[in-house]
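Q: My questions concern the predicted model and sequence given below.
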Amino acid sequence: MIWAVGGFLLLLISGIPIVLALGIAALAAIELSTSAPISIVAQRVYGGIQSFTLMAIPFFVASGLLMEAGGIARRFVNLAGAMVGWITGSLYMVSVVTGTGLAAISGSGSADTAAISAVMVPEMKKRRYDIDLAAAIIAASGSLASIIPPSIVMIVIAVTSSQSIGAMFLGGIVPGLIVMVGLMLGAWLFARRGGEAYRDGAPFTFARLAHAFREAAPGMIVPVVIIGGIVGGVFTATEAACVALFTTLIVTMFIYKELKPRDLPRILLKAISLSATVLIVIATASVFTWIIATEGLPAMLSGWLTGITDNPIAFLLIVNLLLLVVGMFMESISAVLILLPILLPIARSYGIDPVQFGIITALNLSIGLITPPYGICLYVAASVAGRRIEQVSRRIWLPFLCMLVALMLVTFVPAVSLWLPALMMN
Amino acid sequence: MPDRPGGQPPFSALRGPVPKALSAALRALRRLVDGAALLLLGYMALAVLVQIVGRYVFNYSIAWSEETATFAQIWLALLGAGIAMRHNQHVGVDFLILKAPLPVQRVFNLAAFALGAWFLGVVVVGSVSMVGIGLIVKSPALRMPMAIPYSALPVGFAYFLLEFALSSLPRILRPGHDPLEETGI
Amino acid sequence: ADFTFQVAHANAADEVQDKGLQKMRDLLEEKTDGAATLEIYPSGQLGDEAQSIEGVMLGSLDMSMTSNSLLSNYIEDFRVFDMPFLFPSISALGEKIDANWELMEDTANGSGFQLLGVFSSGIRHLMTSKPVESIEDVAGLKIRTMQNPVHVEAWRAYGANPTPMTYSELYGALQSGVVDGAEAASTGYDGMKFYEVAPDFALVGWLNMTAPVVMQKAAFDALPEDIRTALMEAGQEAAQWQRGYVEAQEKPLLEGFEAEGVTITTPDTEPFREASLPLYESELKTPGQKALLKALTGK
Ligand code: NA
Ligand code: NA
């Protein structure tokens, strides 16, 4: 088992796709420490993705990509500009609000980050904003996609912990909004002392807001369909994702008229390959979790942890630290699949609500999307801004602190994540 | 999102009629895989839509829509893994290895390729006995042979292995590539 | 121990099925003086039910305990035990199984399995969010069933709109109203706290669900004779104990539900039973199924 973990870590930094690193490490552990026939690998791979619930992933990925190709990002930027463009550091504010809006239609952050960067960075450069902070804030705004529903990571968390996807989705809304407000506040404090460049706001007018809202409104049908459909008892999460896909097609092809039928195969193929990267990691990680379970690792770790402390808060702080470090180096989905089956039973034994624990996990791994050395949102934002990771990393502390505060709120105050699901689902 | 354009077949640098035929065969195979994947996604979306419409409009639930959509998803995920390999979209952490000297990179790339091929090969071989069981066992709702979804394993992983080889070989022959070309979700 | 058998199941730890396996482990250790034991993996840790059966077939798992509704996809003649209203009580069904043990064993052997014991998953009733007093009240309700054709057709015959759905989605679906109800055993109704979202429980007793414990026949045959004997005895004795335990649980569970504010109704089950009868014609077609049905019920 030690060999498998060590080998996995070595493979992880060798540049090989994580899905293969997982598979190789699990296979090596099976060969070295069990007598199981190798057909167990194929069997577990199949079992990992044979799930109707997971079908929400390709549907959400496809509808997110279609929305972005169909002109939604530009309209959301305009709307955000009309809402918060008058505040000091306006372009930071617009980036954060746009990120929040896009988060409500897409399931993962890298595409959102790219879309916001593409629109906002040139303007920020022109107005002489601190461009490293701009990239850091845009990366954090993009990472909101994993906290605010729909969220691929939360689907995986819900499936792994046998919780309702609807409850998990609802639980992410308040923490997501806290991060949004925190990011705006942090950026505002920075911009207020940052000099003339940031006092650039256009005056607020209702006419502009109304116009921008009318333009962006069709795009907001999608979150209404998803949340309303699930909470209202019309659909299961998978069905909601499917309806979101058809709604997106209608909005982008017939209302915005920016998506042409000939674009469809290219975008859908991209959705297929992006969601396949998630699904195949889920499939392969289930080989890994099988070997973890047969080797009795959860029980060992749980005995060790409960030996350290019997205080749930102390336990959660240890978990936060662990997940923050893991999130620095690892991609979210595989981190969830490997760690959650180990941590969740322990959390349950401390009496922690699985939904709260899921949100804590999602928030930690969202922070991982912006922390160096490996954070996909940070990579994308830095590359579009034309800056090196090292340069952008010097400014990452600001969004990091904001997200950390939100994380502590979710950790210490269960109501932050549990109040909305309780309110809406009863 | 930065992603590498669909890979040029690596044979293109070579000359002669055999590589040309191979290159054409590869292009045809990729077109076939892409087409199949699009059809699968379309089927999944329609099957789920039919399930919703059936439940609300006709007050009649179709028992097999969920089952067949799940089977389609398995095929989609396993073919899609190869497609993602072709576009270099699988997430990996390569910023460290790219700082290493080129001979070290070459050794790592070679080892990674050998181990990756081992894993993918084991799945292909191991899934054959599952397909064997699947010829006897029927699915719960539609009672179709489970070999239909199970055979996605050997087919999908063999294609994954092919694309993995095609993307690894150039990296072993001349290591060092742009760290920003990787991407993911 | 010289022989450690890994056994997997999808029920929660310490649920009635898990307790049965614990009993079987203790009996096996006792009979072999600790030479053989079971290593129990609950909660689907090693995969779902279909995977654990196929694990047994492929040799990656020693033993599985799954609901018959799943196993009957692999041992087709066991479809008989998926039939509604086969026997009214767990003990009556258990006695018939024990009395026809050789036929049961031969049937499983025919599909490459060794049958060790037949546990009970309980009698299945109907949970809804409005009281069901008679079969008429079921008409048009969206009822979640397992993805098993007999179950789907049975509920269609009762007038419901059967909606197969993943078990983990069920709580949320009941809560939000995607489905109006579901069929379930009292243990599941209790374990998953479904009474919070479906506070009406109608005792229709439509299905007396079994949970067979199986091994791969070839792997079983390769064991020494004393271990084989001990496994068979431990399996059957544990099954007898487990069925009695499930039956004894029923009354305290129902009392517990009433304390939780559940409305328990007892609709006339005769119309349900009558509506189920045509299924015996349409679903049981193989000679093996007919022989097993005759041995069990005399019909
Ligand atoms: Na989102
Ligand atoms: Na990171």
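A: In hand now; what should we look at? Numbers count the residues shown, from 1 in each chain, chains lettered A, B, ... in the order given. Ligands and ions are numbered 1, 2, ... in the order given.
Q: Assign a three-state SS to C:Met209, would you?
A: strand (DSSP: H, G, I helix; E, B strand; the rest coil).
Q: quick one: pLDDT of it?
A: pLDDT for C:Met209: 94.
Q: who's in contact with it?
A: C:67-69, C:81, C:120-124, C:185 (C-beta atoms under 8 Å, 6 or more residues apart in numbering or on different chains). Using the backbone N, CA and C atoms, a C-beta is placed for each residue, glycine as well.
Q: just the buried members of those residues?
A: C:67-69, C:81, C:120-124, C:185 (16 or more other C-beta atoms under 10 Å in any protein chain shown).
Q: Inside helices: which ones of the residues you listed?
A: C:68-69 (DSSP state H).
Q: Among the buried ones among the contacts of C:Met209, which ones are in strands?
A: Counting by DSSP state E, the part of those found in strands is C:120-124, C:185.
Q: you'd agree C:Leu203 is in a strand?
A: Yes. Membership of C:Leu203 in a strand is supported by three-state DSSP.
Q: thinking again about what came up before, and which of the contacts of C:Met209 is nearest chain B?
A: Set against chain B, the nearest of those by C-beta to the nearest C-beta is C:Ser69 (8.2 Å).
Q: Including pLDDT and distance to ligand 2, could the buried ones among the contacts of C:Met209 go into a markdown table?
A: Shown next, in a markdown table, are the buried ones among the contacts of C:Met209 (pLDDT from 0 to 100; distance: C-beta to the ion, whole Å):
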| residue | pLDDT | distance to ligand 2 |
| --- | --- | --- |
| C:Ser67 | 92 | 43 |
| C:Asn68 | 94 | 48 |
| C:Ser69 | 90 | 44 |
| C:Phe81 | 96 | 52 |
| C:Ser120 | 96 | 50 |
| C:Ser121 | 92 | 45 |
| C:Gly122 | 93 | 47 |
| C:Ile123 | 95 | 52 |
| C:Arg124 | 95 | 48 |
| C:Ala185 | 92 | 45 |
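Q: A:Ala285 is in contact with A:Leu22, isn't it?
A: Yes. Using C-beta atoms under 8 Å, A:Ala285 is in contact with A:Leu22, at 5.6 Å.
Q: what is in contact with these two at once?
A: Joint contacts of A:Ala285 and A:Leu22 (C-beta under 8 Å, 6+ apart) are A:334, A:338.
Q: so where's chain B uncertain?
A: Chain B contains residues with pLDDT under 70 at B:1-18, B:174-185.
Q: Can you name the residue of it nearest ligand 2?
A: B:Val93 (9.6 Å; C-beta to the ion).
Q: With distance to A:Leu170 added, can I get the contacts of C:Met209 in a markdown table?
A: A markdown table is the format used below for these (distance: C-beta to C-beta, whole Å):
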| residue | distance to A:Leu170 |
| --- | --- |
| C:Ser67 | 32 |
| C:Asn68 | 37 |
| C:Ser69 | 33 |
| C:Phe81 | 40 |
| C:Ser120 | 38 |
| C:Ser121 | 33 |
| C:Gly122 | 33 |
| C:Ile123 | 35 |
| C:Arg124 | 31 |
| C:Ala185 | 30 |
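Q: restrict these to contacts with ligand 1.
A: Filtering the contacts of C:Met209 for proximity to ligand 1 by C-beta under 5 Å from the ion leaves nothing.
Q: Name the nearest of these relative to A:Gly351.
A: Relative to A:Gly351, the closest of these is C:Ala185; by C-beta to C-beta it sits at 26.9 Å.
Q: Leaving out sequence neighbours, find the closest residue to the closest one.
A: Distances taken as C-beta to C-beta, 6 or more residues apart in numbering or on different chains put C:Gly122 closest to C:Ala185, at 3.3 Å, once the chain neighbours are dropped.
Q: Pairing partners for that neighbour in the sheet, please.
A: C:Met209 (DSSP bridges).
Q: List the contacts of it.
A: Per C-beta under 8 Å, 6+ apart, neighbours of C:Gly122: C:16, C:90, C:185-188, C:209, C:246, C:250.
Q: got a list of what the residue in the stretch 101-250 of chain C positioned nearest to ligand 2 touches?
A: Of all residues in the stretch 101-250 of chain C, C:Ser168 sits closest to ligand 2, at 29.6 Å by C-beta to the ion. Neighbouring residues of C:Ser168 by C-beta under 8 Å, 6+ apart: A:53, A:159, A:162-164.
Q: What of A:Gly171?
A: Here A:Gly171 is in contact with A:355-356, A:358-359, A:417-418, A:420-421 (C-beta under 8 Å, 6+ apart).
Q: That one: which element?
A: Per DSSP states H and E, A:Gly171 falls inside helix A:165-192.
Q: buried ones in that helix?
A: For helix A:165-192, by 16+ other C-beta under 10 Å, it's A:165-176, A:178-180, A:182-184, A:186-188, A:190-191.
Q: Heading C-terminal from that helix, find the next helix or strand.
A: helix A:206-216.
Q: chain center to that following helix, what's the gap?
A: 29 Å (C-alpha atoms, centre = their mean, to the nearest Å).
Q: Run the chain-centre distance for the next helix or strand after it.
A: Note on helix A:206-216: by DSSP H and E, the next helix or strand toward the C-terminus is helix A:221-223. Relative to its chain's centre, helix A:221-223 lies at 18 Å (C-alpha atoms, centre = their mean).
Q: how about the following helix or strand past helix A:221-223 against chain B, any contact?
A: Counting by DSSP H and E, the next helix or strand C-terminal to helix A:221-223 is helix A:229-231. No. On the criterion C-beta under 8 Å from any C-beta of the partner chain, helix A:229-231 is out of touch with chain B, staying 9.6 Å away.
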